[in-house]
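Student: let me see the structure of the following:
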Amino acid sequence: MNRSILITGATGKFGKILTRHFLSTGDRVIAVGRSAEALEKLFLANRLKRKNLKCLELDLMKPNIGGQLIQKLADLNISPDCLVHNARNLEFLRLDSRGLSPRTHFLNELELGVVIPYELTMALALQKKSRVRSVVHIGSIYGSVAPHPGLYKDPGKDSPIQYGVAKAALVHLTKELAVRLASKGIRVNCAAFGGLQGRVDRPFMRRYAALCPSGRMLREKEIPGPIDMLLSEAASGVTGHVLMVDGGWTAW
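Tutor: Numbers count the residues shown, from 1 in each chain. Just a heads-up that it's a prediction; the model follows:
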């Protein structure tokens, strides 16, 4: 489709799926990650499409990350027209011995999950020759609902509170940016996903299935389509929207 799509958290599970998908559709992908080794593996895994893949090593938690990103893009003479904010750090979801979220982890989760998407979007959107036209935040069902107590053996520990709070804030960031950037012709949306197969054991999958209208968790092949649609011109009238991709989890 010949879009230029910047994906943060490109070396994570969602990031790898999205990178592979967009390369297969003929788009250019700018893969952002904090590990040079993980980026190298991503590059090798997509070597047949390597001419359309650029990997940028960036620690998004560093100061002035927006300026750093713009400089790296300028060095490569790349100007993205689509942004997918997907970065995560599982360390920020760790709890203390009491099952509580340490303040530093809570703040770090909010910074990486909400503040950084805001900073990067605004840094790129406010450039004089910005090409950004569509932004998608990767959200979660837990941005809209609290964890179901019947799903987890220990909800407090198995579903850290800072994750859901950050995803809820991301929902509002989506709406704020959609309004604030509309005059620049930039659409901002959020794709909020339910549970994905491959990360949990079979007992968890059975509990999840019993609580979800579709009777199962999401499959990997179901991840890229909603994001692709939101980024595309086919969705040119959609902005400020949170698309629930959850098999009906939030419908009841």
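Student: need the contact list for the closest residue in space to H148 that isn't next to it in sequence.
Tutor: Among residues not flanking H148 along the chain, L211 sits closest, at 5.7 Å (Cβ to Cβ, 6 or more residues apart in numbering). Heads up, the C-betas are built off the backbone N, CA and C, glycines and all. L211 is in contact with H148, G150, L151, W249, counting by Cβ atoms under 8 Å, 6 or more residues apart in numbering.
Student: quick one: average confidence on stretch 235-252?
Tutor: Stretch 235-252 comes out with an average pLDDT of 97.
Student: average model confidence for the longest helix along the chain?
Tutor: Under DSSP state H, the helix in the chain containing the largest number of residues is helix 161-180. Averaged across helix 161-180, pLDDT comes to 98.
Student: A191 in helix, strand or coil?
Tutor: Using DSSP: H, G, I helix; E, B strand; the rest coil, the secondary structure recorded for A191 is strand.
Student: what bridges to it?
Tutor: I138, L243 (DSSP bridges).
Student: touching, it and I227? I think so.
Tutor: Yes - using Cβ atoms under 8 Å as the test, A191 is close enough to I227 to be in contact (5.3 Å).
Student: overlap in contacts, these two.
Tutor: Counting by Cβ under 8 Å, 6+ apart, the contacts common to A191 and I227 are V136, I138.
Student: the most centrally placed residue in the chain - nearest residue in space that isn't next to it in sequence?
Tutor: In the chain, the residue lying closest to the centroid (Cα atoms, centre = their mean) is N86, at 2.2 Å. Spatial nearest neighbour of N86, chain neighbours left out: G9 (3.9 Å); criterion: Cβ to Cβ, 6+ apart.
Student: neighbours around that neighbour, how many?
Tutor: For G9, the neighbour count with other Cβ atoms under 10 Å is 23.
Student: do you know how far it is from H137?
Tutor: Going from G9 to H137 by Cβ to Cβ, to the nearest Å gives 12 Å.
Student: okay, and the common contacts of those two?
Tutor: H85.
Student: I'd like the contacts of L211 laid out as JSON lines, including neighbour count, distance to R3 and secondary structure.
Tutor: Putting the contacts of L211 into JSON lines (neighbours: other Cβ atoms under 10 Å; distance: Cβ to Cβ, whole Å; DSSP: H, G, I helix; E, B strand; the rest coil) gives the following:
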{"residue": "H148", "neighbour count": "15", "distance to R3": "37", "secondary structure": "coil"}
{"residue": "G150", "neighbour count": "10", "distance to R3": "41", "secondary structure": "coil"}
{"residue": "L151", "neighbour count": "16", "distance to R3": "37", "secondary structure": "coil"}
{"residue": "W249", "neighbour count": "24", "distance to R3": "30", "secondary structure": "helix"}
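Student: and the furthest pair within those?
Tutor: Farthest pair in those (Cβ to Cβ) is G150 and W249. Separation: 12.7 Å.
Student: identify the residues contacting I7.
Tutor: With Cβ under 8 Å, 6+ apart, I7 has these contacts: G15, L18, T19, F22, V29, I30, A31, V32, V84, N86.
Student: wait, the first one sits on G9?
Tutor: I take that to be G15. Yes - under the criterion of Cβ under 8 Å, G15 is in contact with G9, at a separation of 4.7 Å.
Student: so what sits against both of those two?
Tutor: Residues within reach of G15 and of G9 at once, by Cβ under 8 Å, 6+ apart, are G33, N86.
Student: picking that back up, packing partners of the longest helix of the chain?
Tutor: Packing partners of helix 161-180 (3 or more Cβ pairs under 8 Å, 6 or more residues apart in numbering; DSSP states H and E): helix 103-110, helix 116-125, strand 134-140, strand 187-193.
Student: who wins for proximity to K167 among the ones you listed?
Tutor: strand 134-140 (4.4 Å).
Student: can you name the next helix or strand after that closest one?
Tutor: helix 155-158 (DSSP states H and E).
Student: could you export that following helix as PDB, CA atoms only?
Tutor: Output of helix 155-158 as PDB, limited to C-alpha atoms (Å, rounded to 0.1, in the frame of the first residue of the first chain):
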ATOM      1  CA  PRO A 155      -6.500 -10.900  40.400                       C
ATOM      2  CA  GLY A 156      -4.400  -8.400  42.500                       C
ATOM      3  CA  LYS A 157      -1.200 -10.100  41.500                       C
ATOM      4  CA  ASP A 158      -2.000 -11.600  38.100                       C
END
